[in-house]
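Chemist: below are the sequence and a predicted model for it; my questions follow.
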Amino acid sequence: MFDRLIYQSLIHWSTKSNRKPLILRGARQVGKTTVVNAFSKKYDCYLKLNLELKKDRDLFETNNTVHELLAGIYFQHNRSPQPTQKTLLFIDEIQYCPKAITLLRYFFEERNDIHVIAAGSLLETAIDQHISIPVGRVEYLWMYPLTFSEYLLAANETEALKLLQTIPCPAFAHQKLLSLFHEYALVGGMPEAVKIFLEKKDIVQTNEVYQTLMTGFDNDVEKYARNQTVAHVMKHVIARAPFSAGERIQFKNFGESHYQSREIGEALRTLEKSMLLKLIYPTIQTIPPATIDFKKSPRLQFLDCGLVNYVSGLQSHFFNISDLSALYRGRLIENIVGQILLATQPQSNPLTFWVRENAQSNAEVDFVMNDHQHLIPIEIKSGKTGTLRSLHSFMDLTNHETAIRLYANTIQTDFVKTSKEKSFQLLSLPYYLASQIQLYLKI
């Protein structure tokens, strides 16, 4: 069990007076069950169900009220309810029983004394097919692979984490933090892979874990593809998606296939619901709101950089490179930063990037962050400040004077002029501070 940032969110949820049953969302094997098991130690009574098992599903199918259901659950666990006990009920793989999701509302309305957490690695794909979520009667948390901060905790690098969270991060910590970030970028954040790597200190020893995960994702397709034709397309997308991580994609003929846009689009959207990947669409706005343009080509964000490295054969390249922006034409570091931002930004602030596409010239900024009344551009690129042409184009059109560059060097602030003579402040941060951008904007 690694310390996970979501643990604090669970504590906050458990102490709310208007607490609702919690649905924990996330891809398979990101650690949902593990973190709930650890969290259960704060309770006097822990009741755990796995609805993949018929005996647990039958509890929901044969009991029509929440009171009857609870009596059956206590009996099955050989426990008796005690009024003074603080009780956590964990319903894992809840997507296997639609009635269980329906009954969640009655825990909120009739038995709010019971703390209820539900989870399911395939829940997102089942929602649109046959499951109806009781709107307004449940709340959500999203769980992702380990972030860099969580990786430092797992590696017992507590001093490194303390300095990472110091604003500004001291220059003397740079080389060690950058080295640890390279390690994280190689291994990724899937808990089992992190565990094996930190024990063995050998990336080859983790490859069996990566292969097992990819096989599991592939096998899951049979559970939520609506027919065999769709299943074949989805399997193709799973196999080829890591090669396109961090890249803008076209649906038609994706992954050198003969599949049409409609087929690939359906497969990608289904896999997005399983949180195996995400399609990040651009905006053309430089002033809030950052309206998403779904007609333009999206960038493909894959679940985990460690899986990308394994499938794409990139692991050996990490040992001969000092700047991650030089690896895989800069796409890998974009996927890594995207992975961190997805895990650390609020769900209400969707990840996007900026494009300008016209006959005269094209421009693209890697990410755009909503900061109060401004859209802050984030470019992931080393080199001289004058070579960031897309960033300059964005700044010419926006209503503020701040831009962010992520790169391999130390913290630096430059005052730059565009070709149109607009002055702006360029804050250059090392890659490992991607999760801290919002805090640096407040300085």
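Modeler: Arrived safely, thanks for sending.

Chemist: for the nearest residue in space to residue 185 that is not next to it in sequence, helix, strand, or coil?
Modeler: In space, and not counting its chain neighbours, residue 185 is closest to residue 336: 5.2 Å by Cβ to Cβ, 6 or more residues apart in numbering. Any C-beta I mention is one placed from the backbone N, CA and C, and that applies to glycine too. Secondary structure for residue 336, judged by DSSP: H, G, I helix; E, B strand; the rest coil, is helix.

Chemist: next one, pLDDT for residue 336 please.
Modeler: Here, the pLDDT recorded for residue 336 equals 96.

Chemist: what is the burial count for it?
Modeler: Applying other Cβ atoms under 10 Å, we find 29 residues neighbouring residue 336.

Chemist: my read: it touches residue 324, true?
Modeler: Yes - using Cβ atoms under 8 Å, residue 336 makes contact with residue 324 at a distance of 7.2 Å.

Chemist: okay, and the common contacts of those two?
Modeler: 185, 431 (Cβ atoms under 8 Å, 6 or more residues apart in numbering).

Chemist: and the strands in this protein?
Modeler: Along the chain, counting by DSSP state E, strands occupy 22-25, 45-50, 87-92, 115-119, 139-142, 277-280, 282-283, 299-302, 352-357, 362-371, 374-380, 402-407, 412-417, 423-430.

Chemist: count of residues packed around residue 224?
Modeler: Residue 224 has 20 nearby residues by other Cβ under 10 Å.

Chemist: check it and give its pLDDT.
Modeler: pLDDT recorded at residue 224 is 78.

Chemist: so it sits against residue 267, correct?
Modeler: No - checked against Cβ under 8 Å, the pair residue 224 and residue 267 is beyond contact range at 11.1 Å.

Chemist: contacting residues for residue 340?
Modeler: By Cβ under 8 Å, 6+ apart, the contact set of residue 340 is 147-148, 434-435.

Chemist: looking at those, point me to the pair that's furthest apart.
Modeler: Farthest-apart pair in the contacts of residue 340 is 147 and 434; separation 9.1 Å (Cβ to Cβ).

Chemist: neighbour count winner among these two?
Modeler: More crowded of residue 147 and residue 434, by other Cβ under 10 Å: residue 434, with 24 against 21.

Chemist: show the contacting residues for the more buried one.
Modeler: Applying Cβ under 8 Å, 6+ apart, we find residue 434 in contact with 148, 337, 340-341, 406.

Chemist: try residue 139
Modeler: 13, 20-23.

Chemist: residue 95: neighbouring residues, count only.
Modeler: By other Cβ under 10 Å, the residues close to residue 95 number 24.

Chemist: hang on, it packs against residue 57?
Modeler: No - using Cβ under 8 Å, residue 95 is not in contact with residue 57, being 11.2 Å away.

Chemist: intersection of neighbour lists for the two?
Modeler: With Cβ under 8 Å, 6+ apart, residue 95 and residue 57 have common neighbours residue 51.

Chemist: and residue 291, backbone torsions?
Modeler: With angles defined as degrees, to the nearest 10, residue 291 sits at phi -60, psi 130.

Chemist: I'd like the numbering to begin with 26 instead of 1 from here.
Modeler: With the count now opening at 26, the last piece we talked about shows up as residue 316.

Chemist: pretty sure it contacts residue 375?
Modeler: No - the criterion here is Cβ under 8 Å, and residue 316 misses it with residue 375 at 10.8 Å.

Chemist: who has more neighbours, these two?
Modeler: Taking neighbours as other Cβ under 10 Å, residue 316 and residue 375 compare with residue 375 leading, 15 against 10.

Chemist: who's in contact with residue 194?
Modeler: By Cβ under 8 Å, 6+ apart, residue 194 lies in contact with 188, 202, 436, 455, 458, 461.

Chemist: ok, the second one - contacts?
Modeler: Residues counted as contacts of residue 202 (Cβ under 8 Å, 6+ apart) are 185, 188-189, 194, 455, 457.

Chemist: reformat the residues you listed as TSV; add distance to residue 91 and pLDDT.
Modeler: Converted to TSV, the contacts of residue 202 look like this (distance: Cβ to Cβ, whole Å; pLDDT from 0 to 100):
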residue	distance to residue 91	pLDDT
185	47	98
188	49	98
189	45	97
194	50	97
455	51	97
457	47	97
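
Chemist: ok, and what's touching stretch 61-78?
Modeler: With Cβ under 8 Å, 6+ apart as the test, stretch 61-78 has contacts from 26, 32, 35-36, 39, 49, 81-82, 84-85, 98-99, 102, 104, 107, 109-122, 125, 140, 142, 144-145.
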